[in-house]
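Asker: generate coordinates for the sequence data below:
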Amino acid sequence: MGEYKRVICIGAHPLDAEIMGGPMLMRYAKRHAHCTLVHVTKGRLTDPAATEKQKEDYDISLHNEIAAAASALGCDYYAMDYISSKLPETSKFISLIADYLREQKADCVITHARGTLHPRHYYTYETVTEAVRVLRKEGKKIRLFYGENCEDLAGFTPTVYLSMTQGELDKWFAGLRKYSIFNGKVNDMPYYEYYHSMAVIRSIEAGEHGYAKAYMHAALLDNE
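Answerer: Numbers count the residues shown, from 1 in each chain. A predicted model of the protein is given here:
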């Protein structure tokens with residue numbers, strides 16, 4: 001996959017970045033790379049009648065989960081804290097992301113794949129991809145990968161498999177379990193069952209025994 005010193009995974013919501021980039025960031029953090037999980041939005045309370053105190057408590061609890069997950073994976077994090085309904089216009093956000101990646105001297109970026117059912121995931125895919133394109137045109141050497149996410153699978157074709165030991169898989173899930181939503185306290189999505197099964201399936205696809213996480217090269221950028 002290459003040798004990288006500054007690896008950044010950008011997800012639309014908390015938990016997205018950990019799901020998509022967790023195994024890769026763990027691997028490179030172990031090699032002493034600086035690895036960061038970026039969350040574009042902070043999600044929202046499901047109760048529209050929530051009081052200001054409830055919203056404040058939610059924000060504190062969420063930030064605690066974000067920090068705990070990053071620590072468990074050996075990374076740091078950057079919570080942009082946008083509200084989904086108040087995201088910047090795409091051209092402005094492209095510039096913001098390009099500035100951030102340029103300032104951080106990122107040489108590897110992971111984000112959502114294009115074939116998603118979620119509008120904020122597509123927004124993140126589109127803006128991050130274009131920001132990387134801007135930096136490449138400036139001559140920056142930066143690799144872009146799309147990480148597997150259960151909501152972004154239309155047209156997702158793995159081109160890279162990152163093998164995981166049992167210990168690495170356990171460490172990844174230990175990070176994901178820092179989130180209430182992963183533990184079934186927000187919705188009934190069977191996160192653990194899905195991603196554990198996919199780790200086995202992706203390993204079989206790669207012709208190995210054990211576990212693997214799938215990524216896809218940004219072919220349109222790579223061919224430019």
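
Asker: surely residue 6 is in contact with residue 105?
Answerer: Yes. With contact defined as Cβ atoms under 8 Å, residue 6 and residue 105 form a contacting pair (5.3 Å). The way it works is simple: take the backbone N, C-alpha and C, and place the C-beta from them, glycine included.

Asker: ends of stretch 173-186, what's the gap?
Answerer: In stretch 173-186, first residue to last residue: 17 Å (Cα to Cα, to the nearest Å).

Asker: let me fix that, I meant to ask about stretch 200-217.
Answerer: 21 Å.

Asker: same check, this time on stretch 170-186
Answerer: Termini of stretch 170-186 sit 22 Å apart (Cα to Cα).

Asker: residues contacting that stretch, please?
Answerer: With Cβ atoms under 8 Å, 6 or more residues apart in numbering as the test, stretch 170-186 has contacts from 14-15, 18-19, 22-23, 26, 46, 61, 65, 68-70, 72-73, 164, 187, 189-192, 195-196.

Asker: ditto for stretch 213-220
Answerer: Contacts for stretch 213-220 (Cβ under 8 Å, 6+ apart): 22-24, 110, 113, 129, 132, 144-148, 156-162, 164, 198-199, 202, 205.

Asker: going through these, which ones are buried?
Answerer: 22-24, 110, 113, 129, 132, 144-148, 156, 158, 160-162, 164, 198-199, 202 (16 or more other Cβ atoms under 10 Å).

Asker: which ones among those residues map onto helices?
Answerer: In this view, the buried ones among the contacts of stretch 213-220 that belong to helices under DSSP state H are 22, 23, 24, 129, 132, 198, 199, 202.

Asker: can you pull out the strands in the chain?
Answerer: For the chain, applying DSSP state E gives strands covering 6-11, 34-41, 76-82, 108-111, 143-147, 160-164, 211-217.

Asker: now those as JSON lines including mean pLDDT and distance to residue 97?
Answerer: Shown next, in JSON lines, are the strands of the chain (pLDDT from 0 to 100; distance: least, Cβ to Cβ, whole Å):
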{"stretch": "strand 6-11", "mean pLDDT": "98", "distance to residue 97": "7"}
{"stretch": "strand 34-41", "mean pLDDT": "98", "distance to residue 97": "9"}
{"stretch": "strand 76-82", "mean pLDDT": "96", "distance to residue 97": "10"}
{"stretch": "strand 108-111", "mean pLDDT": "98", "distance to residue 97": "9"}
{"stretch": "strand 143-147", "mean pLDDT": "98", "distance to residue 97": "12"}
{"stretch": "strand 160-164", "mean pLDDT": "97", "distance to residue 97": "22"}
{"stretch": "strand 211-217", "mean pLDDT": "98", "distance to residue 97": "19"}
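
Asker: cool, thanks, signing off.
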